[in-house]
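Q: Output the structure for:
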Amino acid sequence: MTHSNPCEPVSNTWPLLGFEYVTPHLAKIQVMSDVSRRDALRRVGAASLGIFVPSGTKKATLALGQSTNARHIDRETTAVAPNPPNGVKQSVARWCFEDIPLGKFCAEVATMGLPAIDLLKVDEWAVAHDQGLVVSCGDVEAGTIEDGLNEPGNHSTIIRAFERHIPRAAEDGVPNVICFFGNRRGMSDTPAIENSIACLRECAPIAEAEEVTILVEALNSKPGGHVDYIGDTMSYALEIIRAVNSPRVKILYDIYHMQIMEGDIIRTLSEARDWIGHYHTGGVPGRAEIDETQELNYPRIVQAINQTGFDGFMAHEFIPRSSDPLRSLHDAVALCTI
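A: Numbers count the residues shown, from 1 in each chain. Got it, this is the predicted structure:
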């Protein structure tokens, strides 16, 4: 969309989502590498309360569109909204749209009809909360992409973060929190897997007590991605998560990253259905829009996810090339509404 005055508001109509919104014309956001994601996560982050709670989660959340300034939700009186008829509940990663101020972005996301926002830090949860949004996955600073589960020296930091913030996540209706496998730094798979299992076995009871799920993300380690990341295949992730064997420790299956590393997306997610707790999207190559300019067939992938009975969130984690990033988000949501 073009506009003669870049400072003048642009009116956009979303026919598929059935609403009109007005937003300032936004500058083009350049496609970033995965290193940018790492830096953005340090600045941006994740978690909140909101609309949906995946089945089995004991904490109630706000009904769609409801807003409150209260820090905690009354779990006895607040109804849990049902799963949408489409199956997958869609969300969006905050860091991909960080040029838009958080409050404004949350308002636009809520207006668009999305129920949730992904990857907010604890002190940002209330901003999403005020717009009636769920924080679908919270960043509680339980280690980093580089300093993760494989290194025993990181375990105390990870465990303390979960001890401190998982109870808060439960109170605020945040269904998931994230951590990482870590960089290899010369470590072989066997000790890395053993170390990761040991740490997650200590963390699992914390998550189980509060009915919040710990997600561990598999990422690509190729040039341009998270080079040296050890958890770069589903076989590695599954060996660890299966050994921990907790209903509250699962894999964050990033479709973008796993397409780059190994492909075979639909068969993999179908066979690993019991161990996946969350999804991320992104166009391949380039992590841009998930439209016809890239190689993945997202409508078919979403259909396959629905067929597994998945009742959690899929967060859009692409960097818009468009000069109208909110239009790109709308189009992604429409594409994945199956």
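
Q: mind checking the backbone torsions on residue 301?
A: phi -60, psi -40 (degrees, to the nearest 10).

Q: correct me, but it touches residue 268?
A: No - Residue 301 lies out of contact with residue 268 (C-beta atoms under 8 Å); the separation is 10.7 Å. C-betas here are computed from N, CA, C, even on glycine.

Q: Point out where this protein drops to low pLDDT.
A: 1-86 (pLDDT under 70).

Q: need the strands for the stretch 51-200 of the chain, in chain order.
A: Per DSSP state E, counting those that start in this stretch, the stretch 51-200 of the chain carries strands over the ranges 89-92, 116-121, 134-139, 176-180.

Q: Could I get these in JSON lines, plus columns for mean neighbour count?
A: Formatted as JSON lines, these follow (neighbours: other C-beta atoms under 10 Å):
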{"stretch": "strand 89-92", "mean neighbour count": "26"}
{"stretch": "strand 116-121", "mean neighbour count": "28"}
{"stretch": "strand 134-139", "mean neighbour count": "31"}
{"stretch": "strand 176-180", "mean neighbour count": "27"}
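
Q: can you redo those strands as CSV with distance to residue 334?
A: Output for these, formatted as CSV (distance: least, C-beta to C-beta, whole Å):
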stretch, distance to residue 334
strand 89-92, 10
strand 116-121, 17
strand 134-139, 19
strand 176-180, 25
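
Q: between those, which gets nearest to residue 324?
A: Residue 324 lies closest to strand 89-92 among those, at 15.0 Å (C-beta to C-beta).

Q: what helices or strands is the closest one leaning on?
A: Packing partners of strand 89-92 (3 or more C-beta pairs under 8 Å, 6 or more residues apart in numbering; DSSP states H and E): strand 116-121, strand 134-139, strand 313-316.

Q: Return the first one as CSV; C-alpha atoms alone will do.
A: I take that to be strand 116-121. Presented in CSV, the C-alpha positions along strand 116-121 are these (Å, rounded to 0.1, in the frame of the first residue of the first chain):
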residue,chain,number,x,y,z
ALA,A,116,-2.1,-13.6,22.0
ILE,A,117,1.4,-12.2,21.8
ASP,A,118,4.6,-14.2,22.1
LEU,A,119,8.0,-13.6,23.8
LEU,A,120,7.4,-10.8,26.2
LYS,A,121,9.5,-10.3,29.3
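
Q: Can you report phi and psi for the closest residue to residue 148 other than its chain neighbours?
A: Excluding the flanking residues, the one nearest residue 148 by C-beta to C-beta, 6 or more residues apart in numbering is residue 182, at 2.7 Å. The phi/psi pair for residue 182 (degrees, to the nearest 10) reads phi 100, psi 170.

Q: Spit out the contact partners of residue 182.
A: Counting by C-beta atoms under 8 Å, 6 or more residues apart in numbering, residue 182 touches 143, 145-151, 154, 192, 229-231.

Q: Which of the residues you listed fall in helices?
A: If you go by DSSP state H, the contacts of residue 182 have residue 192 in helices.

Q: are any of the contacts of residue 182 buried, and which?
A: Buried subset of these (neighbour count, 16 or more other C-beta atoms under 10 Å): 143, 145, 147, 148, 149, 150, 151, 154, 192, 229, 230, 231.

Q: Now do the phi/psi pair for the third one.
A: In this entry, residue 147 is assigned phi and psi values of phi -110, psi 90 (degrees, to the nearest 10).

Q: beta partners for residue 278?
A: When bridges are called by DSSP bridges, residue 278 pairs up with residue 252.

Q: Test my guess that it contacts residue 317.
A: No - counting by C-beta under 8 Å, residue 278 stays clear of residue 317, with 10.8 Å between them.

Q: Look up which helix or strand residue 215 falls in, please.
A: strand 213-217 (DSSP states H and E).

Q: tell me what that strand is packed against?
A: Going by 3+ C-beta pairs under 8 Å, 6+ apart, strand 213-217 lies up against strand 176-180, helix 189-210, helix 234-244, strand 249-254, strand 276-281.

Q: Adding distance to residue 333, write the helices and strands packed on strand 89-92 out as CSV.
A: Shown next, in CSV, are those (distance: least, C-beta to C-beta, whole Å):
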stretch, distance to residue 333
strand 116-121, 12
strand 134-139, 14
strand 313-316, 7
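
Q: Now for residue 127: which residues touch it?
A: Neighbour list for residue 127: 48, 102, 103, 106, 120 [criterion: C-beta under 8 Å, 6+ apart].

Q: how close does it get to residue 105?
A: Applying C-beta to C-beta, to the nearest Å, the value for residue 127 to residue 105 is 9 Å.

Q: Check residue 319 too.
A: As judged by C-beta to C-beta, residue 319 and residue 105 stand 14 Å apart.

Q: Over to residue 236?
A: To residue 105, residue 236 is 34 Å away according to C-beta to C-beta.

Q: neighbour-wise, which of those two wins?
A: residue 105 (22 against 17; other C-beta atoms under 10 Å).

Q: In contact with the residue lying closest to that one once chain neighbours are set aside, which residues are there?
A: Nearest residue to residue 105 in three dimensions, chain neighbours excluded: residue 97, at 5.5 Å (C-beta to C-beta, 6+ apart). Neighbouring residues of residue 97 by C-beta under 8 Å, 6+ apart: 29, 105, 320, 325, 326, 329.
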